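*Asks:* please work out how this folds:
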Amino acid sequence: MRKRQELHPGRSRWTLDMLRAACFSYVRVKSRGSFKRVLKRLRISYQRARTYFHSPDTAYELKLAYLKQVIASRQEGQTAVLMQDELTYYNHASPAPDHCPVGQQPKAGLAIGGEKTWRVIGAIDIFSGQFIAEQRQRIRLPTFVAFLQQIQQKYPQMKTIYLILDNWPVHFHPDVLAALEEQQYPFPFVQPTSWKAIKPSEKYKKLNLPIQLVPLPTYSSWLNPVERIWKWLKQEVIHNHSFANNFKELKLQVRNFLKRIQAPSQQNLSVAGVLNPKGIFAEQLRKAGLTL
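*Replies:* Numbers count the residues shown, from 1 in each chain. Now for the predicted structure:
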């Protein structure tokens with residue numbers, strides 16, 4: 001069948017009549033109802049579109065292959081593999097569906113006095129489900145280095161800790177790289193050109209943390225299971241919250257949630273989508289010993 005753009009260059013979607021006309025040479029039916037039944041047998045239906053985004057990274061496949069290699073090469077007791085991300089939440093409640101009596105719409109409160117924000121940084125061990133997290137008003141370079149130290153303290157016996165993360169430039173600041181062992185990532189890190197002239201701080205050089213940074217392909221959040229943990233946090237605490245004018249209490253609620261999920265657990269792995277036997281990393285996880 002010819003493409004819609006060729007037959008109807010001014011239309012962005014197929015209509016039933018357009019489809020019927022395009023298929024008429026080999027699907028000769030007399031009515032629209034008959035044509036609908038043909039489409040049903042062919043498993044073609046009228047569906048709502050979903051938004052999507054493709055990574056613009058020209059090295060996407062190569063970086064994904066390296067990422068899979070890192071996961072598959074994990075060795076029990078010698079290497080750990082974690083995925084990391086940051087989240088911003090607000091004093092204003094985000095609106096979401098909820099169960100309530102008919103005619104009483106759920107409420108998502110807005111704060112008096114303007115918007116306030118808070119940040120969470122977290123990482124999940126994709127083999128044990130352990131979740132390490134901190135929240136701060138801002139996540140700056142010292143905060144990130146301190147978080148890396150916290151990760152290392154959780155794995156004192158590990159020879160190498162692989163930390164898979166996005167391409168926020170702070171992750172690859174010269175001071176951050178100075179705090180780590182020599183990096184083996186085969187692609188260049190995303191850094192502003194001006195950073196090339198920065199001389200790393202001597203205090204960070206002394207840390208020599210056994211952490212290897214593994215950036216995701218640019219703009220590929222669907223590869224990071226921490227995104228699902230953030231969704232879980234939003235569903236349980238942040239959506240429709242009643243603390244718009246009590247930001248301190250909201251932060252406490254978030255802290256309690258993060259504390260509750262910090263221990264290794266199958267639930268964390270399940271929520272994060274890691275245990276999906278058809279997941280994008282399923283084959284590599286199985287090779288490294290995880291039962292899906």
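*Asks:* could I get the full set of strands for the stretch 101-250 of the chain?
*Replies:* The residue ranges that make up the strands of the stretch 101-250 of the chain, judged by DSSP state E, counting those that start in this stretch, are 117-125, 131-136, 160-165, 211-215.
*Asks:* can you name the residues that contact the residue nearest to residue 201 when sequence neighbours are not counted?
*Replies:* Take residue 201 and drop its neighbours on the chain: the residue closest to it by CB to CB, 6 or more residues apart in numbering is residue 175, 5.1 Å away. For the C-beta atoms, the positions are set from N, CA and C on the backbone; glycine is no exception. Contacts here follow CB atoms under 8 Å, 6 or more residues apart in numbering; on that basis residue 175 touches 141, 145, 198, 200-201, 204.
*Asks:* buried sites along stretch 204-217?
*Replies:* Within stretch 204-217, the residues that count as buried by 16 or more other CB atoms under 10 Å are 204, 209, 211-217.
*Asks:* what's the longest strand in this protein?
*Replies:* Of all the elements of type strand in the chain, the one with the most residues (DSSP state E) is strand 79-90.
*Asks:* using a markdown table, please lay out the buried residues of stretch 204-217 together with pLDDT and distance to residue 126.
*Replies:* Compiled in a markdown table, the buried residues of stretch 204-217 are given as follows (pLDDT from 0 to 100; distance: CB to CB, whole Å):
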| residue | pLDDT | distance to residue 126 |
| --- | --- | --- |
| 204 | 93 | 27 |
| 209 | 97 | 19 |
| 211 | 98 | 15 |
| 212 | 98 | 15 |
| 213 | 98 | 16 |
| 214 | 98 | 12 |
| 215 | 97 | 16 |
| 216 | 97 | 13 |
| 217 | 96 | 17 |
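*Asks:* pLDDT-wise, which helix or strand of the chain ranks last?
*Replies:* helix 4-7 (a mean of 55; mean pLDDT, DSSP states H and E).
*Asks:* what's opposite residue 118 in the beta bridge?
*Replies:* Here residue 118 sits in beta bridges with residue 89, as judged by DSSP bridges.
*Asks:* show me the contacts for it.
*Replies:* Counting by CB under 8 Å, 6+ apart, residue 118 makes contact with 88-90, 135-137, 247, 251, 254.
*Asks:* repeat that for residue 274.
*Replies:* For residue 274, the contacting residues are 124, 126, 129, 225, 281, 285, 290, taking CB under 8 Å, 6+ apart as the criterion.
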